[in-house]
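>>> need a 3D model of the following:
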Amino acid sequence: MRLMVGAALIVISAAAHAAWSVSADIEAFQWKEDGSPGVTETGPRWGASWGYLHERDSGWQWAYHGQFRRGTINYEGAFLFSGRPTTARTRYTGLLNEFQGIYRFPESHGVELLAGLGLDYWERNILPDQKEDYAVVFSRFGLNLDPRSSTAFFGGFGVKLPLYVAENAHLDEIGFDHNETLHPKGNLSGYAQLGYRFQRRWSLIGYYDGYRFGESKAVNTTSAAFPGTQFVIFQPASKVDSFGMKLQYEFR
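Just a heads-up that it's a prediction; the model follows:
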């Protein structure tokens, strides 16, 4: 009996492996809002990513992915009340956590199906004093190809869908009497990555990621500076696009 248990443990340990990874990331980021005039923000962001994969040769496995982003980029838009065009700087700080379920097909040279559920939170600070905080619960569905060779190309692509979006625009800090939460509509977007593992532990990865948000439902508020006036506040439809590179190290 002891021999049988020991043999089973050896088989399980050979079939499943824990792999941690960390990376240093840099990306070209763009935020665009519909409107007249519209809003465009562009510039570089930097950050780090980390992850865990409970990998097996085939079958079901699970993974965790974390990400930190920060950067101060150029803003071209308009003043809130007058609509007069203006330029500024916008500082982004964000943290993402995502859990993924992965099915790896046997004898397929690394073909995998992926489904993920994550929370993406970021602060958007249009300097000096206009703040917006976003919390996005999203799902991800995609296809991976990773032969897990010591030197090889690997990659993946798929779609993302925000399931819940909450925006705290801090309206009470910019002159309004109430701070209603806005809820932009989550629309389908895409993602993709292509990497090359040039050593057993080191990889260079290029990626694209993005969001698509529809216009939020309008909320009504007032301002002590304009007695008797009702203001209609909403978040315009927005597009988020990130093109980046990361240098990744794996602990195996």
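>>> contacts, neighbours, all on C-alpha from now
OK.
>>> secondary structure element for the closest residue to residue 65 other than its chain neighbours?
Closest residue to residue 65 in three dimensions, ignoring its sequence neighbours and counting by Cα to Cα, 6 or more residues apart in numbering: residue 51, at 4.4 Å. Under the criterion DSSP states H and E, the helix or strand holding residue 51 is strand 39-56.
>>> pLDDT of the helix or strand following that strand, averaged?
Using DSSP H and E, the helix or strand that directly follows strand 39-56 along the chain is strand 59-78. Averaging pLDDT along strand 59-78 yields 96.
>>> buried residues, the helix or strand following strand 59-78. List them.
Where DSSP H and E defines the elements, the next helix or strand beyond strand 59-78 is strand 85-104. Counting neighbours by 16 or more other Cα atoms under 10 Å, one finds that the buried residues in strand 85-104 are 89-104.
>>> can you give the strand pairings for the next helix-or-strand element following strand 85-104, parallel or anti for each?
Following the chain from strand 85-104 toward its C-terminal end, the next helix or strand by DSSP H and E is strand 111-126. When pairing is defined by DSSP bridges, strand 111-126 lines up against strand 85-104 (antiparallel), strand 130-145 (antiparallel).
>>> among these, which comes closest to residue 208?
strand 130-145 (13.5 Å; Cα to Cα).
>>> got the contact list for that closest one?
Here strand 130-145 makes contact (Cα atoms under 8 Å, 6 or more residues apart in numbering) with 109-125, 154-170, 174.
>>> buried among these? Make that a ChimeraX selection.
The following ChimeraX line selects those of these that are buried, judged by 16+ other Cα under 10 Å:
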select :110,111,112,113,114,115,116,117,118,119,120,121,122,123,124,125,154,155,156,157,158,159,160,161,162,165,166,167,168,169,170
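>>> can I get the strands paired with strand 111-126 in JSON lines including distance to residue 33 and mean pLDDT?
Putting the strands paired with strand 111-126 into JSON lines (distance: least, Cα to Cα, whole Å; pLDDT from 0 to 100) gives the following:
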{"stretch": "strand 85-104", "distance to residue 33": "14", "mean pLDDT": "96"}
{"stretch": "strand 130-145", "distance to residue 33": "14", "mean pLDDT": "97"}
